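[1] sequence first, predicted model second:
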Amino acid sequence: GDSVTQMEGPVTLSEEAFLTINCTYTATGYPSLFWYVQYPGEGLQLLLKATKADDKGSNKGFEATYRKETTSFHLEKGSVQVSDSAVYFCALSDISGGGADGLTFGKGTHLIIQP
Amino acid sequence: DSGVTQTPKHLITATGQRVTLRCSPRSGDLSVYWYQQSLDQGLQFLIQYYNGEERAKGNILERFSAQQFPDLHSELNLSSLELGDSALYFCASSVDEGLTYGYTFGSGTRLTVV
């Protein structure tokens, strides 16, 4: 079945550091890929998405490129802020694979940014 | 405010009891999804409804059931509760049945079974 693997945290960085959170996936079809962010006490918010190979999703300084050849969708940001501290989830949807079983999420990466 | 409303925000109940969680989707969204989030299992897809009809089932226990009403709000019923059912339960909605655009999540209901 479909699966998403992402680095587990916590990941601790200093403010203004460069961020990479790795995400790789396994899917039978041609999935859409997503990054969600969850701030403490809140629900998940869609951060960015990409629907086909080589697409780049971007939002709020975060970027991720859909790499079909490496089945990856790594999240990057050039200069993180304390306010970026949250849990980040990589996810995929694979309707083209024959199923519509909702999004498949990774386990989440807890990011801590220190001033 | 995401536009997806979940009630109650917190629920504490005893083992063996039954509870109902409620979700109102974002205006215009026809699909509703239920997820369970726990520390050990992560986010687990439970069930999806589209315009009142069940569309997909994930890892939903037989003790759990859901429905979507004509006004598109949805309820998740959890019965014969066990300690292991303690978790955050999220509802999400989307405008279509497909997942091209992603979901909008509510802020969740935290269920504690004692």
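    Now that the structure is in, tell me what you want to look at. No experiment lies behind these values; they were computed from the predicted model shown. Numbering: from 1, shown residues only, chains lettered A, B, ... in the order given.

[2] neighbours around residue A:109, how many?
    Residues within reach of residue A:109, counting by other CB atoms under 10 Å in any protein chain shown, total 20. To be clear about C-beta, it is placed using only N, CA and C from the backbone, and glycine gets the same treatment.

[3] tell me the pLDDT of residue 9.
    If you meant another chain, say so; for now it's chain A. Note for residue A:9: predicted pLDDT of 83.

[4] switch to chain B, that's the one I care about
    At residue B:9, pLDDT is 95.

[5] repeat for residue A:29
    pLDDT for residue A:29: 79.

[6] does the helix or strand bottoming out on mean pLDDT in chain A reach chain B?
    Ranking every helix and strand in chain A by mean pLDDT, DSSP states H and E puts strand A:104-105 at the bottom, with a mean of 88. Yes - Strand A:104-105 reaches chain B (CB under 8 Å from any CB of the partner chain) through A:104-105.

[7] residues contacting that strand, please?
    Strand A:104-105 has contacts (CB atoms under 8 Å, 6 or more residues apart in numbering or on different chains) with A:2-4, A:36, A:89-94, B:42-43, B:45.

[8] now do stretch A:80-90
    Stretch A:80-90 has contacts (CB under 8 Å, 6+ apart) with A:4, A:6, A:9, A:13, A:15-19, A:21, A:23, A:25, A:33-40, A:44, A:47, A:73, A:75, A:77, A:105-106, A:108-115, B:43.

[9] just the ones of those in strands?
    Of the contacts of stretch A:80-90, the ones assigned to strands by DSSP state E are A:4, A:6, A:13, A:19, A:21, A:23, A:25, A:33-38, A:44, A:47, A:75, A:77, A:105, A:109-114, B:43.

[10] got a quick PyMOL command for the buried subset of these?
    Buried residues within the ones in strands among the contacts of stretch A:80-90, by 16 or more other CB atoms under 10 Å in any protein chain shown, are selected in PyMOL with:
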select buried, (chain A and resi 4+6+13+19+21+23+25+33+34+35+36+37+38+44+47+75+77+105+109+111+113) or (chain B and resi 43)
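
[11] element containing the most centrally placed residue in chain B?
    The centroid of chain B falls nearest to residue B:34 when counting by CA atoms, centre = their mean (3.1 Å). Assessed by DSSP states H and E, residue B:34 sits inside strand B:31-38.
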